[in-house]
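A.B. asks: just a sequence and a predicted model for now, questions to come.
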Amino acid sequence: MTGDATNRPAGLAAAPRSHPNPLLRGWGFAEGVPRPNLWYRFMRRVSQVSICALWQVRVFNRHYEPARGSAVYICNHHSFLDPMLMGIGLQRPMNYMARDTLFRMPVFKQILKSVNAFPVKRATADTGAIKEAMRRLKAGGQVAVFAEGTRTRDGRIGPFLPGVVLLSQRAADWTVPVLIDGAFEAWPRTQLVPLPGNVVVQYAPAIPQSVACQMSAEEFVGRVRRTLIDMQTDVRRRVGRPALKYD
């Protein structure tokens, strides 16, 4: 599905598209790029079917998924389903940070590990999780990071934790901003179970490591957060939701 390009915020690319990166079609990955195993493909298909049965999901700009090199995906955080949502349209396997309390249940721990999740302690500078993310990136993988550290309370994109800069500047060949919009309205943190809703997932152009390294930590975090805010404003305009106000 595509969108129009009128009245677009400054800095955004052309009208969003919905096709994958042509270099990744048919699982024809470049040499050295990790491939998803059969179990990961199966679980991703289960996630796709489950989420699309619950919500109407539209995914834009999948072609920004890098065909080569490691990539960190910096995403805003709306709901418990965000890890599945942010990778729902990608071809390459994703690695996820998941809160450490989820790994206390043995069966659930094994399921999480089987889909490339690893634990992170929330509300702390978890150097162990950062080191694990860097290790997976240096092995050529992709890592998803929810830089706010917790789910939004009002739908807006909050301040980012500083650790994401280390991943972008020291380990990842690419940084891809990812916006999720609509999941907050369908499943806010104050609500026990999700309701039907319309959700958009949209990727921004990948930022090369060389560009990330030219900025200070504050400048880079500010650039990525501003990209997500501009994308959010644009997406909400396209789907008829009111824009959110920021200071």
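C.D. replies: Done, it's in. Numbering: from 1, shown residues only.
A.B. asks: and the helix or strand harbouring Phe184, how far out from the chain middle?
C.D. replies: Mapping Phe184 onto the secondary structure by DSSP states H and E places it in helix 183-186. A distance of 16 Å separates the centroid of the chain from that of helix 183-186, by Cα atoms, centre = their mean, to the nearest Å.
A.B. asks: pLDDT averaged over the longest helix seen in the chain - what is it?
C.D. replies: Longest helix of the chain, by residue count under DSSP state H: helix 217-239. Mean pLDDT, computed over helix 217-239, is 96.
A.B. asks: as a check, name the ranges of all strands in the protein.
C.D. replies: For the chain, the strands defined by DSSP state E cover 55-60, 71-75, 95-99, 117-120, 142-146, 174-181, 197-203, 207-208.
A.B. asks: from Ser168, how far off is the spatially closest residue to Leu112 that is not a sequence neighbour?
C.D. replies: Taking Cβ to Cβ, 6 or more residues apart in numbering as the measure, Leu112 lies nearest to Ala98, with 5.7 Å between them; neighbours along the chain are not counted. All C-beta atoms are positioned from the backbone trio N, CA, C, and that covers glycine. Ala98 is 20 Å from Ser168, where distance means Cβ to Cβ, to the nearest Å.
A.B. asks: more neighbours: which of these two?
C.D. replies: For Ala98 and Ser168, the more surrounded residue by other Cβ atoms under 10 Å is Ser168, and the numbers stand at 27 against 20.
A.B. asks: what's the span of stretch 191-207, first residue to last?
C.D. replies: The separation between the terminal residues of stretch 191-207, taken as Cα to Cα, to the nearest Å, is 35 Å.
A.B. asks: any chance you could map the helices in this structure?
C.D. replies: For the chain, the helices defined by DSSP H cover 38-54, 82-86, 106-114, 127-138, 163-166, 183-186, 209-212, 217-239.
A.B. asks: how big is the angle separating the fourth one from strand 95-99?
C.D. replies: Think helix 127-138. 170 degrees (axes from the mean of the first three to the mean of the last three Cα atoms, to 10 degrees).
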